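Visitor: okay, here's the prediction I keep looking at, along with the sequence it came from:
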Amino acid sequence: MASTPTASGIVTDELSGERHIPESKRADGTTRKAIKIRPGYRPPEDVEVYKNRTAENFRNRGKGPVPGAEGLRDDKPAQPSSAAGNKNAKRREARKKAKAAGEGEGEAAPAEEAKKEEADPEAEKEKKVRTLKKKIRQAKELKEKKETGESLLPEQIAKVIKINELIRELDALGFDADGEPKVEGAAAETAEPST
């Protein structure tokens with residue numbers, strides 16, 4: 001009794017274990033003799049081809065469901081297999097418990113959040129002023145380099161061009177070109193012509 005043929009046409013005899021390609025007829029009517037295959041030989045047609053999953057997924061993109069959605073079909077959450085995964089799972093659980101405990105305390109947490117929100121606009125303004133001052137300082141340094149004859153990169157030239165825009169932003173925040181807060185009395189004196 002012979003087994004089913006492989007991709008190359010090799011059939012294994014189940015009783016003796018010998019492998020051969022059975023006799024067949026050619027298109028012109030002549031007979032092709034049976035060919036014995038030596039033990040251990042695997043023709044290239046029967047060798048399994050390595051399949052790169054990433055490349056296969058790339059070729060098949062858009063043909064199936066959303067990539068990565070297969071794992072989401074499980075009802076139970078996936079168990080972390082590594083030490084880091086276990087550690088992160090414990091952290092998530094601790095955060096959930098802390099959040100639940102914080103909600104049980106009552107009105108203490110919202111009052112603290114309100115204080116933070118009140119301080120945030122001032123802190124944001126100071127942060128913005130610091131970054132603008134830094135950008136202006138860098139642009140002025142680049143402008144000096146340009147005046148001394150050094151060649152600048154296109155990005156550096158763009159910074160030099162933006163100096164006036166940065167100064168206007170500082171002015172809108174209530175600071176002068178040097179980043180110092182404007183004094184309202186001094187600004188009023190300079191605006192009025194003296195008689």
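Guide: Cool, got the structure. As the structure is a computational prediction, the values presented were derived from the model and not from experiment. Residues are numbered from 1 along each chain as shown.

Visitor: what is the neighbour count of His166?
Guide: That one is not His; residue 166 is Leu. By other CB atoms under 10 Å, the residues close to Leu166 number 20. For the C-beta atoms, the positions are set from N, CA and C on the backbone; glycine is no exception.

Visitor: from Glu14, how far out is Thr6?
Guide: The spacing between Thr6 and Glu14, counted by CB to CB, to the nearest Å, is 14 Å.

Visitor: sorry, wrong one. I was asking about Ile136.
Guide: For Ile136 relative to Glu14 (CB to CB), the value is 88 Å.

Visitor: so which of these two has more stuff around it?
Guide: Comparing Ile136 with Glu14 by neighbour count (other CB under 10 Å), the higher total belongs to Ile136, at 21 against 10.

Visitor: which residues in this protein form strands?
Guide: Listed in chain order, the strands found in the chain under DSSP state E are 11-12, 19-21, 24-25, 31-32, 35-37.

Visitor: just for this protein, where's the confidence low?
Guide: For the chain, the stretches flagged by pLDDT under 70 are 1, 64-81, 104-119, 184-195.

Visitor: dump the strands of the chain to CSV, plus mean neighbour count.
Guide: Formatted as CSV, the entries for these read as follows, by neighbours: other CB atoms under 10 Å:
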stretch, mean neighbour count
strand 11-12, 16
strand 19-21, 17
strand 24-25, 10
strand 31-32, 10
strand 35-37, 13
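
Visitor: could you dump those to a markdown table with distance to Pro121?
Guide: Converted to a markdown table, the strands of the chain look like this (distance: least, CB to CB, whole Å):
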| stretch | distance to Pro121 |
| --- | --- |
| strand 11-12 | 81 |
| strand 19-21 | 83 |
| strand 24-25 | 87 |
| strand 31-32 | 89 |
| strand 35-37 | 83 |
